[in-house]
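Chemist: Quick one: sequence plus predicted model below, questions after.
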Amino acid sequence: MDRCLSSALFTASFSADKTLTRKSYDLTTARDVGFKEEWLQQAIAENPELVLAPCRAAGLINETEPWAFWGDEVPVEAGNIIDVLLVSESGRVAIVETKLAYNPEARREVVAQVLEYAIHLPSSSVSDLPSIPKRDDGRPFVDMEKVQRKLEEGDYLLVIAGDRLESRAVKLSEALLGRHLVRPWDLALVEVAVFQRQTESGQPEHLLVPHLRGVLVADRRQVVSVEVKGDRTRLTVETIAPVAISRAKWTEEEFFAHAREHKVSESTIQAMEKLLDGFKDLSADIVWGAGTEWGSFNPKWASICTSTVFQVWSSGSLSINFYSLKGSEAATSFRDRLKEKMEQVLKFSVPADYRNRQPNYKDSVWVPKVALLLEVLKELIPQHQ
């Protein structure tokens, strides 16, 4: 069965003679009402219950445990961006991916995409994650150590939210995970149905009705052992612990060996070596990533910001952490001047909302300009040392 939601909502009176008054709201689509993914992300940030309420009703999360908005447009390994992150009081993380029906990725690909985010998030540096939200009294909403432990265990709530979710996405989630699931994440497909009615003033009024279109709950593995001694049989059931997703930090030697193993061109490898040496010459602290798939090195200048500025991946791509350059005049000044230099001197394309982004550039874009990039940094860095 593809859909069980009525295409109309009705107004009713429980005291008048006429019980059911009239059809009031009609089911519509995000495209028809101008309902954008950015709006949905903002709505979830303002009120996470838009996607959490159906999960509570289904028993995927504790009925009373508080959750809070943690961050949006959160970069993870290899230039991927998580739409929305939520966090619970116990440290459990919800990864929310929004996809509306008019977006072609709202179909099968979105399931694989959210699973990829879940795999890569534990390898993100804590310093590059959003700050833990604060309570009204200024205390942290949750201890970061609790969050880190949940990340290492892979204990997530994965949420795909959209207006009309593709039924094939439900089937694909079962095919990709099914009974092969060994990490304690749960997957919820939350359809936020959009209903509209015309008011007497002529202005449309809308209702959002979130409900579950599909659920996949972690199935903890068990091993049953049978021991036979004479005429007596002993049966033991052992639950397999969740698989922790982590690895030690990469080293310089491992990084470049990995790049060569994956056929990264020698010219790109030489450019990465030049960039690494240039960062060191500019007195950067080099933070080596702990990615499970690709290695990275990340320069940080404490006089500018506590977070890293760049991420250089063993795949050959270069990410710029504009989103993390905040919190001080030195950080924001450096961020804005770097953006100007990238556009005017390096001729890189920079997103208009760069302050909240982590643009990723392929080696074909940045390698030919590596010397010029280092010259730009030599001009900007000393001003903040």
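Modeler: Perfect, I can see it now. Numbering: from 1, shown residues only.

Chemist: Helix, strand, or coil at Leu212?
Modeler: Secondary structure assignment for Leu212 (DSSP: H, G, I helix; E, B strand; the rest coil): strand.

Chemist: got any ranges where the stretch 251-385 of the chain has weak pLDDT?
Modeler: Residue ranges of the stretch 251-385 of the chain with pLDDT under 70: 290-293, 382-385.

Chemist: Tell me where it has strands.
Modeler: Taking DSSP state E, counting those that start in this stretch, the strands of the stretch 251-385 of the chain run over residues 285-288, 296-300, 310-313, 318-320, 360-361.

Chemist: Kindly reformat those as a markdown table containing mean neighbour count and distance to Glu273.
Modeler: Any C-beta I mention is one placed from the backbone N, CA and C, and that applies to glycine too. Output for those, formatted as a markdown table (neighbours: other C-beta atoms under 10 Å; distance: least, C-beta to C-beta, whole Å):
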| stretch | mean neighbour count | distance to Glu273 |
| --- | --- | --- |
| strand 285-288 | 15 | 13 |
| strand 296-300 | 23 | 11 |
| strand 310-313 | 24 | 10 |
| strand 318-320 | 23 | 14 |
| strand 360-361 | 18 | 18 |
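
Chemist: Would you mind putting those into JSON lines with distance to Trp67 alongside?
Modeler: Formatted as JSON lines, the strands of the stretch 251-385 of the chain follow (distance: least, C-beta to C-beta, whole Å):
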{"stretch": "strand 285-288", "distance to Trp67": "30"}
{"stretch": "strand 296-300", "distance to Trp67": "30"}
{"stretch": "strand 310-313", "distance to Trp67": "29"}
{"stretch": "strand 318-320", "distance to Trp67": "29"}
{"stretch": "strand 360-361", "distance to Trp67": "30"}
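
Chemist: Please name whichever of those strands is nearest to Arg260.
Modeler: Among the strands of the stretch 251-385 of the chain, the nearest to Arg260 by C-beta to C-beta is strand 310-313 (14.1 Å).

Chemist: any idea which residue sits dead centre in this structure?
Modeler: Ile82 (2.3 Å; C-alpha atoms, centre = their mean).

Chemist: What pLDDT is listed against the residue lying closest to it once chain neighbours are set aside?
Modeler: In this structure, Ile82 finds its nearest non-sequential neighbour in Val74, 4.4 Å apart by C-beta to C-beta, 6 or more residues apart in numbering. Each residue has a pLDDT score; the one for Val74 is 86.

Chemist: looking at it, Val74 is touching Leu86, isn't it?
Modeler: No. Using C-beta atoms under 8 Å, Val74 is not in contact with Leu86, being 11.0 Å away.

Chemist: which residues touch Thr28?
Modeler: Going by C-beta atoms under 8 Å, 6 or more residues apart in numbering, Thr28 touches Val194, Phe195, Gln196.

Chemist: and what of Leu40?
Modeler: Residues in contact with Leu40 (C-beta under 8 Å, 6+ apart) are Thr98, Leu100, Ala161, Gly162, Val192.

Chemist: tell me the mean pLDDT for whichever helix or strand Trp39 is part of?
Modeler: In the assignment (DSSP states H and E), Trp39 maps to helix 37-46. Averaged over helix 37-46, pLDDT sits at 88.

Chemist: same question, stretch 54-63
Modeler: Here stretch 54-63 scores 82 as its mean pLDDT.

Chemist: ok, now stretch 189-196?
Modeler: 86.

Chemist: any residues touching that stretch, and which ones?
Modeler: Contacts for stretch 189-196 (C-beta under 8 Å, 6+ apart): 5, 9, 25-30, 32-33, 35, 40, 50-51, 54-55, 159-165, 169-170, 173, 204-215.

Chemist: Ok, stretch 315-322 next?
Modeler: Residues outside stretch 315-322 that contact it (C-beta under 8 Å, 6+ apart) are 75, 78-79, 128, 259, 262, 264-265, 268, 272, 275, 294, 307-313, 335, 338-339, 342, 354-363, 366-367.

Chemist: And it, end to end?
Modeler: Length of stretch 315-322, first residue to last, C-alpha to C-alpha, to the nearest Å: 21 Å.

Chemist: what does stretch 30-48 give?
Modeler: End-to-end distance for stretch 30-48: 19 Å, by C-alpha to C-alpha.

Chemist: Can you point out the buried residues in it?
Modeler: Within stretch 30-48, the residues scored as buried using 16 or more other C-beta atoms under 10 Å are Ala30, Phe35, Glu37, Leu40, Gln41, Ala43, Ile44, Ala45, Pro48.

Chemist: Number of residues surrounding Val264?
Modeler: Other residues lying near Val264 total 18 when counted by other C-beta atoms under 10 Å.

Chemist: State the distance from it to Gly289.
Modeler: 16 Å (C-beta to C-beta, to the nearest Å).

Chemist: Arg213 now?
Modeler: 36 Å.

Chemist: Equivalent analysis for Thr98, please.
Modeler: 27 Å.

Chemist: Mind listing residues that contact stretch 359-367?
Modeler: 78-79, 264-265, 267-268, 271, 316-320, 322, 348-351, 373.

Chemist: got the buried residues for it?
Modeler: The neighbour-count check on stretch 359-367 (16+ other C-beta under 10 Å) flags Pro359, Asn360, Tyr361, Asp363, Trp366, Val367 as buried.

Chemist: Does Trp313 touch Trp294 like I think?
Modeler: Yes. At 5.0 Å, Trp313 and Trp294 qualify as touching, with contact defined as C-beta under 8 Å.

Chemist: circling back to that earlier point, make CSV out of the contacts of Leu40 and add distance to Lys280.
Modeler: Shown next, in CSV, are the contacts of Leu40 (distance: C-beta to C-beta, whole Å):
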residue, distance to Lys280
Thr98, 40
Leu100, 45
Ala161, 44
Gly162, 46
Val192, 49
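
Chemist: Neighbour count and distance to Glu329 added to these, as TSV?
Modeler: What follows is the contacts of Leu40, written out as TSV (neighbours: other C-beta atoms under 10 Å; distance: C-beta to C-beta, whole Å):
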residue	neighbour count	distance to Glu329
Thr98	26	34
Leu100	22	39
Ala161	26	37
Gly162	26	40
Val192	23	40
